[in-house]
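K.L.:
Need a 3D model of the following:
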Amino acid sequence: MRTAAVIVDAVRTPIGRSQAERGVFRETRADDLAAACVSALLQRQSLAPARVDDVILGCANQTLEQGANVARLVALLAGLPASVPGATVNRLCGSGLEAVRQAVLAIETDNAQAVIAGGLEHMHHLPMGHGIELHPRLGCHVSKAALRMGLAAEYLAISRGISRGRQDAYALESHRRAAAAQAAGLFHSEIVPLPGRDERGRWTLVTRDSAVRADANLAALAALPPAFLPEEGTVTAGNSSPLSDGAAALLVMAEPAARALGLKPLARVRATAVAGIEPSLMGLGPVPATRLALDRAGVSLAEIELVEINEAFAAQTLACLDEWGLDTQRVNTRGGAIALGHPLGASGARIVATLAHAMRDRGARLGLATLCVGFGQGMAMVLEHDA
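P.N.:
Reported below is the predicted structural model:
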């Protein structure tokens with residue numbers, strides 16, 4: 001019988017803007033952000049560090065401060081004993097969820113009892129595409145435009161008839177919900193406060209995600225120019241996720257081991273899935289991945305009470321919601337990446353962390369975390385909470 005994997009705890013940093021002059025983490029390394037999350041998990045839970053079997057972290061751009069198997073180095077920075085190994089995985093913007101998925105699979109097959117899994121990305125220090133050289137023959141298999149995320153979002157908007165007004169309205173609602181969640185303190189249980197620089201360069205304790213705009217309005221969003229397709233484009237900086245810096249980490253354990261230590265899990269992992277899709281339809285990756293995950297969990301989308309879908313772009317998110325026939329009432333109830341930010345390697349773990357905490361707070365039994373992945377992939381995970 002398969003061993004159940006549970007999420008005992010889940011934390012993340014505040015998400016900072018990737019800006020040279022205003023980014024709160026402009027002088028903080030990515031590995032320090034991740035190490036702070038790992039340390040926080042160990043401090044919050046009564047688990048001896050030596051009982052951690054592995055540290056698995058996702059990262060999309062594995063070079064410089066995010067290189068050289070950064071997960072192993074983060075484990076050492078966080079004070080884990082040298083006997084605890086570490087591995088870094090890359091599924092682009094799904095890397096954090098891939099790390100959690102690999103932790104779950106290790107536990108379900110009795111290859112681990114306790115794994116710290118998560119992700120990190122500092123998109124100011126390491127911009128998207130830094131050091132990457134795509135093979136010229138890729139053009140024989142997929143158009144170059146399809147490999148550009150912004151143009152792929154534009155294609156979905158055009159082909160699915162998703163208007164600029166609808167995208168902007170969705171972005172506004174993401175900010176409204178995130179601002180309301182901040183004001184109500186709903187992120188306190190998942191955010192690890194960290195020192196950072198304010199806009200004047202002074203050190204301060206950062207406790208909130210930087211990109212959330214409580215003053216966002218449709219007029220300001222409508223005034224923004226297209227970001228990827230001049231003149232006729234509808235995807236803008238306002239209805240897309242911002243470049244971000246951040247990290248997240250989850251303590252994933254075998255359920256019997258967690259119960260034996262008196263640890264009360266946030267959620268049980270019912271199923272995970274990854275799927276491929278035509279690269280030009282990249283943003284629809286959550287659709288086949290969710291179908292697989294729901295089938296494996298033996299539940300229907302109608303039974304899912306809360307959904308966290310990573311908002312890479314409003315056009316992409318709306319295309320998925322249209323495919324599912326879902327309204328937004330149970331989707332990203334605390335705002336999404338358009339407002340909170342999208343640090344590539346961390347986002348998959350971040351949405352699981354937010355989902356697990358929201359399920360506990362609302363007494364929801366079933367939840368879904370899902371996201372699209374660059375170059376035509378999707379990932380999904382179904383969580384179950386014991387009310």
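K.L.:
May I have the secondary structure class of the residue sitting nearest the centre point of the chain?
P.N.:
Residue closest to the average C-alpha location in the chain (CA atoms, centre = their mean): residue 347, at 1.8 Å. Following DSSP: H, G, I helix; E, B strand; the rest coil, we place residue 347 in the helix state.
K.L.:
One more: the one 5 residues further on?
P.N.:
Assigned with three-state DSSP, residue 352 falls in the helix class.
K.L.:
Which residue, other than its chain neighbours, is closest to it?
P.N.:
residue 369 (4.8 Å; CB to CB, 6 or more residues apart in numbering). (Each C-beta comes from the backbone N, C-alpha and C, glycine too.)
K.L.:
Share the number of residues neighbouring the one you found, please.
P.N.:
30 (other CB atoms under 10 Å).
K.L.:
For residue 348, which residues are in contact?
P.N.:
58, 91, 93-100, 119, 310, 369, 371, 379 (CB atoms under 8 Å, 6 or more residues apart in numbering).
K.L.:
Isn't residue 253 up against residue 263?
P.N.:
Yes: when contacts are counted by CB atoms under 8 Å, residue 253 is listed as touching residue 263 (7.2 Å).
K.L.:
quick one: which of the two has more around it?
P.N.:
Between residue 253 and residue 263, counting by other CB under 10 Å, residue 253 is the more crowded of the two (32 against 18).
K.L.:
so what's the more buried one bridging to?
P.N.:
Counting by DSSP bridges, residue 253 is bridged to residue 6, residue 114.
K.L.:
now the strands for the protein?
P.N.:
5-12, 16-17, 54-58, 86-89, 114-122, 194-197, 203-206, 244-254, 267-276, 306-309, 366-373, 377-384 (DSSP state E).
K.L.:
same for the first one, what does it pack against?
P.N.:
So the one you mean is strand 5-12. For strand 5-12, the elements it packs on are helix 30-44, helix 95-108, strand 244-254, helix 255-260, strand 267-276, helix 344-362, judged by 3 or more CB pairs under 8 Å, 6 or more residues apart in numbering; DSSP states H and E.
K.L.:
Now stretch 262-282 - C-alpha only, CSV.
P.N.:
What follows is stretch 262-282, C-alpha atoms only, in CSV (Å, rounded to 0.1, in the frame of the first residue of the first chain):
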residue,chain,number,x,y,z
GLY,A,262,2.9,14.6,17.1
LEU,A,263,3.0,16.9,14.0
LYS,A,264,-0.3,18.0,12.6
PRO,A,265,-0.1,18.2,8.8
LEU,A,266,-1.6,21.1,6.8
ALA,A,267,-2.6,18.8,4.0
ARG,A,268,-2.2,15.4,2.5
VAL,A,269,-1.1,15.1,-1.1
ARG,A,270,-3.7,13.1,-3.0
ALA,A,271,-2.1,13.2,-6.5
THR,A,272,0.4,14.9,-8.7
ALA,A,273,0.8,15.2,-12.5
VAL,A,274,2.9,16.7,-15.2
ALA,A,275,1.8,17.0,-18.8
GLY,A,276,3.2,18.3,-22.1
ILE,A,277,1.4,20.5,-24.6
GLU,A,278,2.1,22.2,-27.9
PRO,A,279,4.6,25.0,-27.0
SER,A,280,2.4,27.7,-28.7
LEU,A,281,-0.3,26.7,-26.2
MET,A,282,2.0,26.9,-23.2
